[in-house]
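Chemist: Any chance you can model this:
(2 chains)
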Amino acid sequence: MGMSPSKTCLSMLLFSTLLSSSYVNADSINGTISFIKKPPMVGIAYVPSQTVSEFSPEIDQLDKQFTTKMAVVNSGNKVIFKNSDNVEHNVFANDLSQSAKFDVGLMTPGGKKEITVDWQDNSIVRVGCKIHPKMRTYLASINTPFHKIIEFSKDTQEYTFVINNIPDDAKQVLFAIPKYDLITLDISSGSDWSSDITKKGKVRGQITIIKK
Amino acid sequence: MTLESQIINKAIKVQIVKGINSPSSWLKACALIALALTFSPVFSEPLATPDIDDIEYPEDEAPNQMEVELGKILFFDPILSANNQMSCATCHDPNNGFGDGLKLSIGHDDKPLTRHTPHLYNLAWAHSLFWDGRAPSLEHQVLMPVFDPSEMNLSQKQMLERIELSPFYKTQFNRVFQQDNIDTHLVSLAIAAFMRSIISSNSPFDQYLAGDTNAISTEAVSGLKLFEGKAKCVECHDGANLTDGSYHSLGIARSDKGRGFVINDDSMNFRFKTPGLRNVSLTAPYMHDGSIADLEGVIRFYNDGGGTGPNKDNLMEELNLTEGEIRDLIAFLAALTQPISIARPSVPNNFTTDPSIQKKD
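Modeler: Take a look at the predicted model:
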């Protein structure tokens, strides 16, 4: 006589919990970001890792805006763009510095298109709409599950973020804002770190992180 | 109140009037609600007063006043044209709504150009410039007419030589940018800094938004309701500067492909950028080709559903506005007026060493 379905489920849950807990890392990164003046649009903090991660985000367009300010992608994977608006859109990117160029063509209301990320990893590519120049989002091609996208708003200068369960052997935390200087924090020793946030060398704010 | 909510309110009123026990009234109410749910008005940003904090400056830094003043002098200086007779202000005349009042602009050697001179109000918030949006920022845009053979027809080399010859400019560029070498980038930064300072944000409409209910007439208030409702103007003319920054075909153009030519995309053919409407009463004539002489003509054009040219926008349809409603809309547009007074600066006159420059008195 076999186990009842409920017992089977419970066993599988316990097994999977035990299995996953053996890979869970206890450390987390708690970050604080402050800007001197008006913040930029979005940034991403991440911990590089050997863990293979697959990202195929779906980005919608609603009220003449992208529904997210940034999405994480992988080279070789797809990004799906939807149009839930009542007007046409035409998503494109033309970032020669990252060899990123695509144009999904005209998207009628309700339309859906996809592209394959064919540009280099470790880059942030700006994406826009040919019909609505105000629209903007970014695709961050980073190969790590340990990341946090932080969306900024013009009225707030202080932000916090957490990246949980980072690898025990993590040595760096990187912080990237489009058009700003990339920040690399060496976390191989100590327990808290900070750096100026700069754009072309000019100080725009500060980031502080604590490992817990 | 949006059209959608108006329909739902009407459905509720049907129930109240007919009573909840009337099957026919239920059917009618349900049909109206279904209509409301399927009716999808185009999203519009709320009309508002422009917020300085929303301006995206180069390198996130607002220019200082010295840079703005230097840009203003360059804007008015005819040395930026090959024949030394045209300045930026020749077409973008502050006393003429930063336009020229002409149907089509006049270029080099007094030859007519193919489009109407656009105004310059509140371009600090613009995400693309020119009727076809071919420039992504003011810094990209400002010298394009200077170097265009059909417009001011000056070469980059000539421009820099002329500026370098002026002790005034040498001193001022050094003071503003702390470097001896004047290049095109610095010239464009200075002129763009001035153009970004041409801001209208305290019109009677802005005072009305701030709570002064007497700031605009009752006709203008009615016009505002029409602008956001029956006349559907906000479907393109929305946000603080009354533009969606997008490109539309009104059925006017037949040969000028506008945005479609710039991005090599047939679907965008004959589309042109939605102009902002701040100070629109001062910027006649209207449309990318200056083909409509006054605001009344513009509203009647929209009321008739636009032109018959190709690739016309789906948003264009007959509006059935009454004569009174047309007048109210004009009253509202007039409430967007806040003239910007710019004193013409004295331009430097130190070019005696260059025989090619004959300053016009």
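
Chemist: Show me how chain A divides into domains.
Modeler: Listed domain ranges for chain A are A:27-51+A:145-212, A:53-143 (source: automatic domain parsing).

Chemist: looking at those, which is closest to B:Phe270?
Modeler: B:Phe270 lies closest to domain A:53-143 among the domains of chain A, at 13.6 Å (Cβ to Cβ). C-beta coordinates here come from the backbone N, C-alpha and C atoms, glycine included.

Chemist: and that closest one, how far out from the chain's middle?
Modeler: 13 Å (Cα atoms, centre = their mean, to the nearest Å).

Chemist: anything in that domain near chain B?
Modeler: Yes - with Cβ under 8 Å from any Cβ of the partner chain as the criterion, chain B is reached by domain A:53-143 at A:62-64, A:85-88, A:90, A:105-106, A:130-134.

Chemist: how about the domains of chain A, which one is nearest B:Gly258?
Modeler: For B:Gly258, the closest of these is domain A:53-143, at 12.4 Å, according to Cβ to Cβ.

Chemist: quick one: which of the residues of domain A:53-143 next to chain B is nearest A:Gln50?
Modeler: Using Cβ to Cβ, the shortest approach to A:Gln50 within these belongs to A:Leu62, at 36.8 Å.

Chemist: Please tell me how far the closest one sits from B:Gly229.
Modeler: Distance, A:Leu62 to B:Gly229, by Cβ to Cβ, to the nearest Å: 22 Å.

Chemist: What of B:Phe270?
Modeler: Going from B:Phe270 to B:Gly229 by Cβ to Cβ gives 28 Å.

Chemist: Would you mind telling me which of these two has more residues around it?
Modeler: Under the criterion of other Cβ atoms under 10 Å in any protein chain shown, the comparison of B:Phe270 against B:Gly229 puts B:Phe270 first, with 27 against 15.

Chemist: Could you identify the helix or strand that succeeds the lowest-mean-pLDDT helix or strand in chain A?
Modeler: Ranking every helix and strand in chain A by mean pLDDT, DSSP states H and E puts helix A:5-21 at the bottom, with a mean of 42. Remark: after helix A:5-21, the chain's next helix or strand is strand A:29-35, criterion DSSP states H and E.

Chemist: Is B:Val68 in a helix, a strand, or coil?
Modeler: Following DSSP: H, G, I helix; E, B strand; the rest coil, the label given to B:Val68 is helix.

Chemist: Near it, how many other residues are there?
Modeler: If we define neighbours as other Cβ under 10 Å, then B:Val68 has 19 of them.

Chemist: For it, list the residues it contacts.
Modeler: By Cβ atoms under 8 Å, 6 or more residues apart in numbering or on different chains, the contact set of B:Val68 is B:Ala193, B:Phe194, B:Ser197.

Chemist: who wins for neighbours among those?
Modeler: Counting neighbours by other Cβ under 10 Å, B:Ala193 leads the contacts of B:Val68 with 28 neighbours.

Chemist: so it sits in a helix?
Modeler: Yes - with three-state DSSP as the criterion, B:Ala193 is located in a helix.

Chemist: Can you verify my assumption that it contacts B:Glu67?
Modeler: Yes - the pair B:Ala193 and B:Glu67 passes the contact test of Cβ atoms under 8 Å, sitting 4.5 Å apart.

Chemist: List, one by one, the residues from chain B near chain A.
Modeler: Contact residues, chain B versus chain A (Cβ under 8 Å from any Cβ): B:40-43, B:45, B:53-54, B:59-60, B:127-128, B:133, B:136, B:244-247, B:263, B:265, B:267-268.

Chemist: Now which of the residues you listed would you call buried?
Modeler: Those of the residues of chain B next to chain A that meet the buried threshold are B:42-43, B:45, B:60, B:127-128, B:133, B:244-247, B:263, B:265, B:268, by 16 or more other Cβ atoms under 10 Å in any protein chain shown.

Chemist: Next step: those restricted to strands.
Modeler: When DSSP state E defines the strands, the subset of those inside them is B:Tyr247.

Chemist: just the domains of chain A: most buried one?
Modeler: Mean neighbours per residue, mean count of other Cβ atoms under 10 Å in any protein chain shown, is largest over the domains of chain A for domain A:53-143, with a mean of 18.

Chemist: Just the terminal-to-terminal distance for that domain.
Modeler: With Cα to Cα, to the nearest Å as the measure, the ends of domain A:53-143 fall 6 Å from one another.

Chemist: remind me which residues of the stretch 1-150 of chain B are low pLDDT?
Modeler: By pLDDT under 70, the low-scoring segments of the stretch 1-150 of chain B are B:1-41.

Chemist: how about 80 then?
Modeler: B:1-42 (pLDDT under 80).

Chemist: which residues touch A:Arg126?
Modeler: Residues counted as contacts of A:Arg126 (Cβ under 8 Å, 6+ apart) are A:Ala93, A:Asp95, A:Arg136, A:Thr137, A:Tyr138, A:Pro178.

Chemist: That concludes my questions; thank you for your assistance.
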